[in-house]
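# attaching a predicted model along with its sequence, questions to come.
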Amino acid sequence: MKSLGKVLITTAALFTAVSALADEWLRSIPDFELTDQNGKVHTLDDYKDYDFAVFYVQGVGCPIARIAVPNFREVRDEFASKNISFTMFNSNIQDNLARISREANEFGIDFPIMKDEGQKLAKALGVERTAEVFVINPRTQEVLFRGPINDQLGYETQRNEASEHYLKDALNSVLAGGVVDMDDVPDSKGCLVAIFDT
């Protein structure tokens, strides 16, 4: 009986540790006030009329972040009839609004790109790389999904077609009232976002 008790205690501790890791991975989004490349100020309150908001981590000069934009646009267009907002933010210290605006114009990025001054969003969400997406419930501030858009892009590979559509699947799941199984979602591939303590 003693060994059974130890097994149960160990299992419970392991479950608690896994739950804590999941909670750490899917954090909540804080209130924010950030300006995009067109001079528009965005706050979390601006998104509360949407059922969900999707945020994409953009970075000037990052090849993967650039190449993934059409995939992000495709998801936006597919869910156009749903009450979902699609926005980008840039947390790179070296990127200012002028550089972000030039990047958007040069590569036809037709999304607002908020400049994450002070890396407030990046620190709160645990951002590590560009081209990662976050699905947010803007009313509860919960992060419901984080990960890559799909499996088309890698560090030294690019498939002609994606075989896994993580963002689309996540949106379909939350729209149906379900929960995304993050165990099935790999880490995002993208350029490292250096986070600085202030």
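Okay, I see it.

# please make it C-alpha for all contacts and neighbour counts, starting now.
Noted.

# list the contacts for residue 174?
Each residue near residue 174 by CA atoms under 8 Å, 6 or more residues apart in numbering is listed here: 144, 180.

# how about the secondary structure of it?
What DSSP: H, G, I helix; E, B strand; the rest coil gives for residue 174 is helix.

# give me the pLDDT for it.
What the model reports as pLDDT for residue 174 is 97.

# any idea how far residue 80 is from residue 132?
The gap separating residue 80 from residue 132 is 20 Å, by CA to CA, to the nearest Å.

# residue 197: how many residues sit nearby?
Residue 197 sits with 6 neighbouring residues when counted by other CA atoms under 10 Å.

# from residue 30, how far off is it?
With the distance defined as CA to CA, residue 197 ends up 17 Å from residue 30.

# buried residues in the helix or strand hosting residue 98, which are they?
Counting by DSSP states H and E, the element that carries residue 98 is helix 97-106. Using 16 or more other CA atoms under 10 Å as the test for burial, helix 97-106 gives 97, 100-101, 103-104.

# helices or strands next to whichever helix or strand comes after that helix in the packing?
Later in the chain than helix 97-106, the nearest helix or strand by DSSP H and E is strand 113-115. The contact analysis (3 or more CA pairs under 8 Å, 6 or more residues apart in numbering; DSSP states H and E) places strand 113-115 against strand 33-35, strand 84-90.

# ok, residue 80 and residue 132, which is more surrounded?
When neighbours are counted by other CA under 10 Å, residue 80 and residue 132 differ, and residue 132 comes out ahead with 23 against 12.

# what does that one show for phi and psi?
According to degrees, to the nearest 10, the main-chain angles of residue 132 amount to phi -90, psi 150.

# in the protein, which spans are helices?
For the chain, applying DSSP state H gives helices covering 2-25, 63-67, 69-78, 97-106, 120-125, 166-175.

# where among those helices is average confidence lowest?
Comparing mean pLDDT across those, the weakest is helix 2-25, with a mean of 43.

# report the buried residues of stretch 68-75.
Across stretch 68-75, burial judged by 16+ other CA under 10 Å covers 68-69, 71-72, 75.

# got the CA coordinates for stretch 189-198 in CSV?
What follows is stretch 189-198, C-alpha atoms only, in CSV (Å, rounded to 0.1, in the frame of the first residue of the first chain):
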residue,chain,number,x,y,z
LYS,A,189,9.7,28.5,-36.4
GLY,A,190,10.9,32.1,-36.8
CYS,A,191,13.6,34.6,-35.9
LEU,A,192,14.5,35.0,-32.3
VAL,A,193,12.9,37.9,-30.5
ALA,A,194,15.5,39.2,-27.9
ILE,A,195,13.7,40.2,-24.7
PHE,A,196,15.3,42.8,-22.6
ASP,A,197,14.7,43.5,-18.9
THR,A,198,13.9,47.1,-18.1
